[in-house]
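Enquirer: Sequence first, predicted coordinates after that:
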Amino acid sequence: MRNYFYTLAVAGALMASGCAARSRPEDDRLVQEIISRIQQEAPYSKELDIAAERSTIWISGNVGSEDAKATIESLVKNTQGVQAVHSTITVDPSLSSQAASGPGATPGSTLAQDEEVILKIKDSLARDPLLASHNLMISTDGPSVITVRGTAQSAGSLRNLTDHIKSVTPGYQVKNEVAIEYVSDDQIRKEITRQLNELPRPITEHLAFSVSRGIVTFRGQVMRHDDIDAVLARALMLNGVSDVKSEVVFHRE
């Protein structure tokens, strides 16, 4: 099964169209590098779907010229780590004229304002020690829409990232297309067990949990809402955790 699907819009804005929440790290790296190179070397290419599985790349969609098609196929083939490329890109000459008068060049465009907003976000993230280490790419996707893509360490850090960007850019919609970095379920289980052992026994003695594909589910019973809230908050911040669910019930003696 193909692991990643992306659509690149005019001027390099990125929209995911089915990106998996957890991914094979090498395929994720290849996709991110290919997207970055396309944005730099063929920035007005649009409607491109990119998929990766075990270092094989599938790419399809429409471009405005044969030159653009050749450029994109060449840079994909020459991306380090790519073992094979399957391309079904088609040429639509009408896209060339659209690119010349696209969102970044239309009358009343806020391109300069968007660039200023992106710089503001990047500067703010760089000054936040909890968010500065994230591997992120930020772009605009239409009026007052910020698209964020890349990788984050956990569901909790992903939530903090979205909240942070919203606070920096009031009035903007944030499209979060960030994937959670892969950590094995076994590693997550070990870390949750370690953290539960650090909590007072009355909180954890009637708790159990399971981990499946990065999703952590807690079951059992506790006496107070605050107790399970503390456990869930810790789990959300663990590396590789993509979601945390609670099936815990409350019991008073």
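Expert: Sure, I can see it. Here the structure is a predicted model, which is why all the values come from computation and not from measurement.
Enquirer: Was I right to think Ser36 contacts Met137?
Expert: Yes. At 7.1 Å, Ser36 counts as touching Met137 under the criterion of Cβ atoms under 8 Å. The way it works is simple: take the backbone N, C-alpha and C, and place the C-beta from them, glycine included.
Enquirer: Leaving out chain neighbours, which residue sits closest to the residue most central in space within the chain?
Expert: Taking Cα atoms, centre = their mean as the criterion, Val178 is the residue nearest the geometric centre of the chain, at 1.3 Å. Residue nearest to Val178 in three dimensions, not counting chain neighbours: Ala152, with 4.9 Å by Cβ to Cβ, 6 or more residues apart in numbering.
Enquirer: pLDDT at that neighbour, what is it?
Expert: Ala152 carries a pLDDT value of 84.
Enquirer: cool, and the one 10 residues further on?
Expert: Thr162 is assigned a pLDDT of 87 by the prediction.
Enquirer: ok, now which ones touch Gln221?
Expert: 206-207, 248-251 (Cβ atoms under 8 Å, 6 or more residues apart in numbering).
Enquirer: Just to be sure, it is in a strand?
Expert: Yes. Membership of Gln221 in a strand is supported by DSSP: H, G, I helix; E, B strand; the rest coil.
Enquirer: Next up, phi/psi of Tyr182, please.
Expert: As for Tyr182, its main-chain torsions (degrees, to the nearest 10) stand at phi -70, psi 130.
Enquirer: related to what we said a few turns ago, these two touch, right, the residue nearest to Val178 and Leu125?
Expert: No. With contact defined as Cβ under 8 Å, Ala152 does not count as touching Leu125 (11.5 Å).
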